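[1] after the sequence you'll find the predicted model.
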Amino acid sequence: MSSAQGRIFGLKARRGALHGWTGAGEAVSQVTFLNRQALYLRPDPARVVVRPFKPATEPRDLNPTDKARANHIVDRVLSLSPEAAAEQLADVLENFQGRHRNLLATFEARADDMEEAFAAHAAFTKPQRRLVGAYFLHEYSFEAAALFNPSIVSHPDQSGVPDGERRFVLSLRAVGEGHVSSLTFRSGSIGLQGGVTVDPTARLASIPRVTSRIPGPQGDIVEVDFKADEEISERVIFPVTESQSNGIEDARFVEFEDEGRKTFFATYTAYSGKAIRSELIETTDFMSFRMTPLRGTAARNKGMALFPRKIAGKYAMIGRQDNENLYLIYSDDLYEWNGGVAILKPAFPWEFVQIGNCGSPIELDQGWLLLTHGVGPVRKYSIGAVLLDKNDPSKVLARSREPLVRPDPSEREGYVPNVVYTCGAMRHNDRIILPYAISDTFSHFATIEIAALMRAMEDGAGPA
């Protein structure tokens, strides 16, 4: 069966108290439960945003050489006659107007950022000012290289959705020139029988405006927002702090409920080009976002994932602190994480190098379903599953002896070969909806029958 028809994978299911009987006597049956959808999300280099062009940051942030260069550019623009400046601005608009929203307003906002540079010069016209703004911007193709490591949550607006169906928001890691990662989104729907559709992608793309920046000992706390008329697939959250300057990586979104209030949180890796750390983004509507650095010894590493509710009155995370094992971490403070206890270690050949989480745990009747990734020979990444006790997630009830998903021979090539990876799945009716990336290049979808998965998992197989 071809990929387009939906490739089916299975695990050998054994009888056990958790799974029930799967065959006569000691016989082993083959249970198929994972159905790959004929749906692919590939990077599109035609999608661009406009960003400040260095040395076009505020002049006070520039070294003397860059300040001089910035002033030279302003001098050259202001040397144009008003008529020539207006003609040049019209030419720029004709060339770029259809590629961005509100381009003149963007030029003016960039000129506002350059106010210190203007202060040293003579009077200027409005077209000259806008033209200066244009010279200090550049287009960036934010997903030119890759669109991968997705996570999925319910859409905050379910109005008009038929019974048994669900709208969703998909977050993805986009990578462009210089391997800079940003956060982008898609919306879509899940049908009654688990079919997944993704809404058409908007032609334009926009970065948000920064509405608040609060300095802190761990770094800036930043709030950003988008305009209501910007479709969700237009919205691109680009690095806005020094700690994020080389990337916002692998956001693991979860719909968190506390005392009837729902908030969408995501842990992500902030990469400065030299160091990493975990940060938290939060939103209720996917229009306004708050980004906060996490504190504590457990927040120095990648791959933290928040449980969707408190457990015994505490926040809970799954994380990896030693580049090898998975830890359970509790905290009274959503923004500070310390300590933790190892609950999962590599047990099977496909995960002997290391294991990590693949998103926030999913609450089932049977317990917490935790999707994991394992790294095996020749750095081959696969996706597995673990079932944790609902009241005490440090207890492992079951885990998959074989991967749920492994790199398909026909799709193993890409930016990073032999990798399948996800940053979060969600439950819909009796299925798990699993978006996942292939070779750190593009993204795909599969659905998993929960009952069959439960039967297929080994009871606590391997060492904890």
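    Cool, got the structure. Computed from a predicted model, the values in this text were never measured in an experiment.
[2] the stretch 301-450 of the chain: helices as residue ranges?
    Listed in chain order, the helices of the stretch 301-450 of the chain (DSSP state H, counting those that start in this stretch) span 450-456.
[3] helix/strand/coil for the spatially most central residue of the chain?
    In the chain, the residue lying closest to the centroid (C-alpha atoms, centre = their mean) is Ala251, at 3.3 Å. What DSSP: H, G, I helix; E, B strand; the rest coil gives for Ala251 is strand.
[4] tally of neighbours for the closest residue in space to Pro82 that isn't next to it in sequence?
    Take Pro82 and drop its neighbours on the chain: the residue closest to it by C-beta to C-beta, 6 or more residues apart in numbering is Thr125, 4.9 Å away. C-betas here are computed from N, CA, C, even on glycine. Thr125 has 16 neighbours, counted by other C-beta atoms under 10 Å.
[5] tell me the pLDDT at the nearest residue to Glu230 once chain neighbours are set aside?
    The spatially closest residue to Glu230, leaving aside those adjacent along the chain, is Ser206, at 5.3 Å (C-beta to C-beta, 6+ apart). pLDDT for Ser206: 94.
[6] hang on, Ser206 packs against Glu231?
    No - Ser206 lies out of contact with Glu231 (C-beta atoms under 8 Å); the separation is 9.5 Å.
[7] what is the end-to-end distance of stretch 356-373?
    From its first residue to its last, stretch 356-373 covers 5 Å (C-alpha to C-alpha, to the nearest Å).
[8] contacts only, for the residue nearest to Pro82.
    With contact set as C-beta atoms under 8 Å, 6 or more residues apart in numbering, Thr125 has these partners: Pro82, Ala85, Ala86.
[9] try it again at 10 Å.
    Leu78, Leu80, Ser81, Pro82, Glu83, Ala85, Ala86, Leu89, Leu131 (C-beta atoms under 10 Å, 6 or more residues apart in numbering).
[10] quick one: it from Val92, how far?
    Using C-beta to C-beta, to the nearest Å, one gets 15 Å for the distance from Thr125 to Val92.
[11] same thing with Ser439?
    Using C-beta to C-beta, one gets 38 Å for the distance from Ser439 to Val92.
[12] neighbour count for these two, which is higher?
    Ser439 (20 against 17).
[13] touching, that one and Gly414? I think so.
    Yes - contact status for Ser439 versus Gly414: in contact at 2.5 Å, counting by C-beta atoms under 10 Å.
[14] domain map for the chain?
    3-45+141-456, 51-140 (automatic domain parsing).
[15] quickly compare those domains and say which is most buried.
    A comparison of those by mean neighbour count, using mean count of other C-beta atoms under 10 Å, puts domain 3-45+141-456 on top with a mean of 19.
[16] distance from it to the middle of the chain?
    8 Å (C-alpha atoms, centre = their mean, to the nearest Å).
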